[in-house]
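Asks: sequence-free structure coming up:
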């Protein structure tokens, strides 16, 4: 009888820990993933080597060239504004957390003056789906397209895990300052993350 109750307590304890872990993961960024230390821990845990021959951005290093398309299908390079800090958000129309955080990024972008942090969106998606979404939810910042895959913009910007949404902060000299896996929870969260020192 004693062994059976010990076994049940052990199973209940494991189930509780699994539930807590799932709640923290699903409620991203949550209390752990919402701070810089938690983000670094999460990125380390999810990090995989970039596929052979792919230059993937690393903190403190220059961002490699990223080939994109405009919403009209024209080829272009990632437009990093010279001398300005840039927040780049990689998203997709099928990604629910991406869609939920877009109004927060829009509000943040509207609050920035011309010399402030510039916001750019990169959709790993079909042009029609992105255009349809943006027609329902107009954006104050520019969006570009890329095809999901081993060499997509997300991977080149350091997202070896391929998790969306994915956001990076690029300094005025084009170096990767910060990375964030998962959505922002509030406009204040965007402000704090983009302003906090490394």
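Replies: Received it, and whenever you're ready, just let me know what you need. Please read all numbers here as calculations on a predicted model, not as lab measurements.
Asks: okay, CA-based contacts and neighbour counts for the rest of this
Replies: Fine.
Asks: Do you have the strands of this structure handy? List them.
Replies: Secondary structure of the chain, counting by DSSP state E: strands at 67-69, 75-77, 86-91, 118-124, 143-146, 166-170, 176-181.
Asks: quick one: residue 66 and residue 78 touch, right?
Replies: Yes - look at residue 66 against residue 78 with C-alpha atoms under 8 Å: they come within range, at 5.4 Å.
Asks: Run through the residues that contact residue 145.
Replies: By C-alpha atoms under 8 Å, 6 or more residues apart in numbering, the contact set of residue 145 is 68, 69, 70, 71, 122, 123, 124, 125, 126, 127.
Asks: go on, residue 187?
Replies: Contacts for residue 187 (C-alpha under 8 Å, 6+ apart) come out as 104, 105, 107, 108.
Asks: count of neighbours near the third one?
Replies: Counted with other C-alpha atoms under 10 Å, the neighbours of residue 107 add up to 15.
Asks: What of the last one?
Replies: When neighbours are counted by other C-alpha under 10 Å, residue 108 registers 20.
Asks: quick one: it from residue 116, how far?
Replies: 10 Å (C-alpha to C-alpha, to the nearest Å).
Asks: Residue 131 and residue 71 touch, don't they?
Replies: Yes - at 7.2 Å, residue 131 and residue 71 qualify as touching, with contact defined as C-alpha under 8 Å.
Asks: tell me the centre residue of this structure?
Replies: For the chain, residue 166 is the residue whose C-alpha lies nearest the centre (C-alpha atoms, centre = their mean; 1.2 Å).
Asks: who's that one bridged to?
Replies: residue 90, residue 181 (DSSP bridges).
Asks: my read: it touches residue 91, true?
Replies: Yes - with contact defined as C-alpha under 8 Å, residue 166 counts as touching residue 91 (6.9 Å).
Asks: quick one on the thing from earlier: rebuild the strands of the chain as TSV, extending it with distance to residue 158 and mean pLDDT.
Replies: Output for the strands of the chain, formatted as TSV (distance: least, C-alpha to C-alpha, whole Å; pLDDT from 0 to 100):
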stretch	distance to residue 158	mean pLDDT
strand 67-69	15	97
strand 75-77	17	97
strand 86-91	11	98
strand 118-124	14	97
strand 143-146	15	98
strand 166-170	9	97
strand 176-181	8	94
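Asks: Generate a markdown table for these, with distance to residue 152 as supplementary columns.
Replies: A markdown table is the format used below for the strands of the chain (distance: least, C-alpha to C-alpha, whole Å):
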| stretch | distance to residue 152 |
| --- | --- |
| strand 67-69 | 9 |
| strand 75-77 | 13 |
| strand 86-91 | 10 |
| strand 118-124 | 8 |
| strand 143-146 | 6 |
| strand 166-170 | 12 |
| strand 176-181 | 16 |
